[in-house]
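A.B. asks: need a 3D model of the following:
(2 chains)
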Amino acid sequence: EAQVTQNPRYLITVTGKKLTVTCSQNMNHEYMSWYRQDPGLGLRQIYYSMNVEVTDKGDVPEGYKVSRKEKRNFPLILESPSPNQTSLYFCASSRTVGTGELFFGEGSRLTVL
Amino acid sequence: AQSVSQHNHHVILSEAASLELGCNYSYGGTVNLFWYVQYPGQHLQLLLKYFSGDPLVKGIKGFEAEFIKSKFSFNLRKPSVQWSDTAEYFCAVNGWANNLFFGTGTRLTVIP
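C.D. replies: Below is the predicted model:
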């Protein structure tokens, strides 16, 4: 089954404790992207990747890191989480960005205390 | 800067009412246009898309959208909404910067 898998789905952590949200897709998609969703602000892009070893900043990259060492994986790293990073995070992938047909993961709800 | 605007933040309708959600973008070049839907507690799913050709596109569940190039708009419509259409709707545009940009979303509440 074609899917985008994120882990963990729910996480409560404390300020400053490094964490990684994993994202994996099994569709051999080139394009992957991370978004955060906050009430009233919609979906904001954090980072995206056109292909392996190619990543670029989205609208709100501060406080986040990503890597794309393999085509299927695109982890989101919070080196020193802060309470303003409490949010719902979505990973998405697409065959190419031009198609715009994104497949989304189920979301990861992160709370930073 | 290029942007995508959804001016309706929250729309409340009774069942069987007609729906139109606005989406405008600010870019004069060629664009691909999309509407995504997010049902409560779920992730986003593609509702419909426009790449070229007939500016009136039909999607799943009776939704349609019309691309009006002169107005930089891609409004979503449905003749008769159902309670199950309660969801958040996002317009997205791919054109500049070879990336996909989302509007802030419109929350639709359908009252039975």
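A.B. asks: quick check: the residue in chain A that chain B sits nearest to vs A:Tyr10, distance?
C.D. replies: Closest residue of chain A to chain B, C-beta to the nearest C-beta: A:Gly42 (3.4 Å). Where you see a C-beta, it was placed from the backbone N, CA and C, and this is true even at glycine. The gap separating A:Gly42 from A:Tyr10 is 22 Å, by C-beta to C-beta, to the nearest Å.
A.B. asks: more neighbours: which of those two?
C.D. replies: Neighbours were counted for A:Gly42 and for A:Tyr10 using other C-beta atoms under 10 Å in any protein chain shown; A:Gly42 has more, 20 against 9.
A.B. asks: what is the more buried one paired to in the beta sheet?
C.D. replies: Beta-bridge partners for A:Gly42, by DSSP bridges, are A:Asp38.
A.B. asks: secondary structure element holding the closest residue to B:Asp85 other than its chain neighbours?
C.D. replies: Sequence neighbours aside, B:Val110 is the residue nearest to B:Asp85 in space, at 5.3 Å (criterion: C-beta to C-beta, 6 or more residues apart in numbering or on different chains). Secondary structure from DSSP states H and E places B:Val110 in strand B:106-111.
A.B. asks: before we move on, back to that, shouldn't the residue of chain A closest to chain B be in contact with B:Phe102?
C.D. replies: Yes: using C-beta atoms under 8 Å, A:Gly42 makes contact with B:Phe102 at a distance of 6.1 Å.
A.B. asks: who touches stretch A:23-35?
C.D. replies: Here stretch A:23-35 makes contact (C-beta atoms under 8 Å, 6 or more residues apart in numbering or on different chains) with A:2-6, A:43-51, A:58, A:64, A:66, A:68, A:71-76, A:89-97, A:102-103, A:105, B:100, B:102.
A.B. asks: show me what the lowest-mean-pLDDT helix or strand in chain B is packed up against.
C.D. replies: The weakest-scoring helix or strand in chain B, judged by mean pLDDT, DSSP states H and E, is strand B:100-102 (a mean of 85). Helices and strands touching strand B:100-102, by 3 or more C-beta pairs under 8 Å, 6 or more residues apart in numbering or on different chains; DSSP states H and E, are strand A:42-51, strand B:87-94.
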